[in-house]
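Trainee: Structural data only, the sequence is not supplied:
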């Protein structure tokens, strides 16, 4: 254990109970430095594209800049707010196609915008 830089474990025995305590000591420097870690931007895979629902495709097509739920519903000519949230907004959020502009989902100024992944697929469709 000492050759690994770890302290010796502490053994405690009281009546019928035994306890072994290992004290972890963090490393002084992290194993990987930010320079050694490559930056990965999420790109849509073929599986992502195949699994896109028609609802999410339509949402990506109409989303320009940052738009509120009301603006998106109007652009898609949809009336049912709950259906729109579950089938369009939540699906697109979970798929990583769009993101919220505010951290709080129910923020009064909440808007949605395309992620890098969403922007890439939208550009592909324009070609």
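Mentor: Noted; the coordinates are in hand. Fair warning: this is a prediction, and the values are worked out from it, not measured in the lab.
Trainee: In contact with the nearest residue to residue 63 once chain neighbours are set aside, which residues?
Mentor: Sequence neighbours aside, residue 114 is the residue nearest to residue 63 in space, at 5.6 Å (criterion: C-beta to C-beta, 6 or more residues apart in numbering). All C-beta spots, glycine's among them, are computed from the backbone N, C-alpha and C. Taking C-beta atoms under 8 Å, 6 or more residues apart in numbering, we find residue 114 in contact with 60, 63, 97-99, 122.
Trainee: right, and out of those residues, which lies closest to residue 90?
Mentor: For these, the residue nearest residue 90 by C-beta to C-beta is residue 98; the value is 10.1 Å.
Trainee: Make a markdown table from the contacts of residue 114 and add secondary structure and pLDDT to it.
Mentor: Supplementary listing: the contacts of residue 114 in a markdown table, determined by DSSP: H, G, I helix; E, B strand; the rest coil; pLDDT from 0 to 100:
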| residue | secondary structure | pLDDT |
| --- | --- | --- |
| 60 | helix | 95 |
| 63 | coil | 96 |
| 97 | coil | 95 |
| 98 | strand | 96 |
| 99 | strand | 97 |
| 122 | helix | 93 |
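Trainee: Which members of the residues you listed are the farthest-apart pair?
Mentor: 99 and 122 (14.1 Å).
Trainee: element containing residue 13?
Mentor: For residue 13, the element it lies in under DSSP states H and E is strand 10-14.
Trainee: Also residue 59?
Mentor: helix 54-62.
Trainee: in that helix, what counts as buried?
Mentor: By 16 or more other C-beta atoms under 10 Å, the buried positions in helix 54-62 come out as 55-56, 58-60.
Trainee: residues in contact with it?
Mentor: Applying C-beta under 8 Å, 6+ apart, the set of residues contacting helix 54-62 is 72, 75-76, 87-89, 91-92, 95, 97-98, 114, 118, 121-122, 125.
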